[in-house]
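Dropping a prediction and its sequence here:
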Amino acid sequence: MAQVVSPAADGGVPTLHVYTNLVQVPTLVLTMNQDLIDKPIAENRFSVSIDSGHWFPATHVRREGDDPISLSILLDVSGDAADLMPKMEDAVGKLVPLSLHSRDRVSVYALDCSLRRSLNDAPANNLLLKTAVGAALEPWMQHKRNKPGKGCELKGHLWDGLGAVAVALSDLPGRRVILVVTDGRDTGSKNSWDAVRYFAQMKGIAIFALNFTPGSFGIESIGRGRGGYLPSGGRSSAVEKPLISVCELSGGVVMRMSERADLSKSLERFVTMLRERYIVEFPRPGKSTAGEHNLEVKIDKGVYIIIRPSGVSVPLPDPALAIDPMTIQMGPSETPEEGKRKVMSKPQ
């Protein structure tokens, strides 16, 4: 916090003005097998770098815990993930109250012939979530029951749907997160995956994907709470590359799920990932510049290969405060220094 002390007009009583000067970044930390870290990581091991500038020790680090979440769930029924949908209503409902709590807000969407929203920013509630999932999927179930030729054509516009969900979520409070259940295929969106990635980063939205692979092969990993997640290299890895980029560059991850996995446990594990993210805090750079910046987080002496910070908007200081003699300014050693590395270009 930057502090301003000025004498008041009535009797010289000092007045304290406080200005926000702290940046918080939710950071996902996993092992190479996407396992959670059992032992808490000490906060003095975290450092941040902006645009490849000098590494700066985090001011404070804590687990996210029960911070309110603004969660949007997108159910993509246009591909292999459709096999999961008959179980989705009960599985999502079971997230409350053990995983999601009343302070969390949830929106529910389905993507088939078009994008449809059945719940908008509502408090997490077991019955409400079950009803919303059922309502979102009901038109698709009707299409399945129709005779061939009478249903709609499944478009598979994943990036358009995901982008629309991100726009609706972008101004909501709390830790903004999207969970998309999908096979990762897109067949003709107007928006590119890179445009979705860019928007999510700019708005601090972390995107997670539950990627179902029917008829999967290979050895399944059996780490703590994994519930049947597949390592990279399965038959769908080629079509997943854009999905992997969107998730990892926004601070999330793709969770591959096999036919032997328990859907309820997979969804519970996703929320546990959110609760066990680290909130990394540091002062705003003393000489902040407008525009996009690259943020990196590292952990000293760590063996963790997945460290995914979410995007964050850093407010620029009021120019008047910079020249105000009553403002307590932070010195260069007290704030991170921006480097000169160019951030990933904005999609055209």
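Happy to help now that I have it. Numbers count the residues shown, from 1 in each chain.

just for the stretch 201-348 of the chain, where's the confidence low?
215-240, 286-291, 312-346, 348 (pLDDT under 70).

Helices along that one, start to end?
237-250, 263-275, 319-323 (DSSP state H, counting those that start in this stretch).

Please apply the same query to the stretch 1-150 of the chain.
Going by DSSP H, counting those that start in this stretch, the stretch 1-150 of the chain shows helices at 85-93, 126-145.

I'd like those helices as CSV, with distance to Phe282 appended.
Quick note: C-beta positions are derived from backbone N, CA and C, even for glycine. Shown next, in CSV, are the helices of the stretch 1-150 of the chain (distance: least, CB to CB, whole Å):
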stretch, distance to Phe282
helix 85-93, 35
helix 126-145, 36
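
These: which one's closest to Phe212?
Closest to Phe212 of the helices of the stretch 1-150 of the chain is helix 85-93 (CB to CB; 9.9 Å).

returning to that earlier point: point out the one among the helices of the stretch 201-348 of the chain that comes closest to Gln24.
Here helix 263-275 is closest among the helices of the stretch 201-348 of the chain (CB to CB), at 14.6 Å.

Next up, the contacts around Ile306.
Going by CB atoms under 8 Å, 6 or more residues apart in numbering, Ile306 touches Leu28, Val29, Leu30, Thr31, Met32, Gln34, Val253.

Please report which of the residues you listed has the highest neighbour count.
Leu28 (25 neighbours; other CB atoms under 10 Å).

how close does that one get to Ser170?
20 Å (CB to CB, to the nearest Å).

what do you get for Lys265?
30 Å.

Tell me how this structure divides into domains.
Segmentation of the chain into domains, based on automatic domain parsing, reads 2-58+278-334, 69-275.

Identify the bridge partners of the residue most central in space within the chain.
The residue lying closest to the centre of the chain (CA atoms, centre = their mean) is Ala206, at 1.4 Å. Residues in a beta bridge with Ala206, per DSSP bridges, are Val177.

That one contacts Gly251, correct?
Yes: if you go by CB atoms under 8 Å, Ala206 and Gly251 touch, sitting 3.9 Å apart.

Do I have it right that Asn44 meets Ile299?
No: the criterion here is CB under 8 Å, and Asn44 misses it with Ile299 at 10.4 Å.

Just want to know which of those two has more residues nearby.
Ile299 (19 against 10).

For the more buried one, list each beta-bridge partner.
Phe46.

one step back: and Ala124, which of the helices of the stretch 201-348 of the chain is closest to it?
Using CB to CB, the helices of the stretch 201-348 of the chain put helix 263-275 closest to Ala124, at 10.0 Å.

Name the surrounding residues that touch the closest one.
For helix 263-275, using CB under 8 Å, 6+ apart, the contacting residues are 28, 30, 36, 63-66, 69, 84, 87-88, 90-92, 94-95, 98-100, 175, 177, 179, 208, 210, 225-229, 253, 255, 257.

re the thing from before, nearest to Gly79 among the contacts of Ile306?
Checking the contacts of Ile306 one by one against Gly79 (CB to CB), the nearest turns out to be Val253, at 19.6 Å.

Now that closest one. Nearest residue, chain neighbours left out?
For Val253, ignoring the flanking residues on the chain, the nearest one in space by CB to CB, 6 or more residues apart in numbering is Cys247 at 5.6 Å.

do the same with Trp159
Nearest to Trp159 is Ser189, by CB to CB, 6+ apart, at 3.8 Å.

The one you found: how many residues sit nearby?
The burial count for Ser189: 18, using other CB under 10 Å.

How about Glu259?
12.

Make 337 the starting number, not 1.
All right, first residue 337 from here; so that's Glu595.

What separation is there between it and Val582?
In terms of CB to CB, Glu595 sits 25 Å off from Val582.

export the helices of the stretch 337-486 of the chain to a markdown table and tack on mean pLDDT?
Converted to a markdown table, the helices of the stretch 337-486 of the chain look like this (pLDDT from 0 to 100):
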| stretch | mean pLDDT |
| --- | --- |
| helix 421-429 | 95 |
| helix 462-481 | 91 |
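
could the ones you listed go into a markdown table alongside distance to Leu455 and mean neighbour count?
Below are those laid out as a markdown table (distance: least, CB to CB, whole Å; neighbours: other CB atoms under 10 Å):
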| stretch | distance to Leu455 | mean neighbour count |
| --- | --- | --- |
| helix 421-429 | 10 | 18 |
| helix 462-481 | 4 | 17 |
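
circling back to that earlier point, could you dump the helices of the stretch 537-684 of the chain into TSV with mean neighbour count and distance to Ala471 added?
Listed next are the helices of the stretch 537-684 of the chain as TSV, based on neighbours: other CB atoms under 10 Å; distance: least, CB to CB, whole Å:
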stretch	mean neighbour count	distance to Ala471
helix 573-586	19	26
helix 599-611	19	18
helix 655-659	10	50
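
I'd like to know which of these lies nearest to Glu628.
That would be helix 573-586 among the helices of the stretch 537-684 of the chain, by CB to CB, at 12.3 Å.
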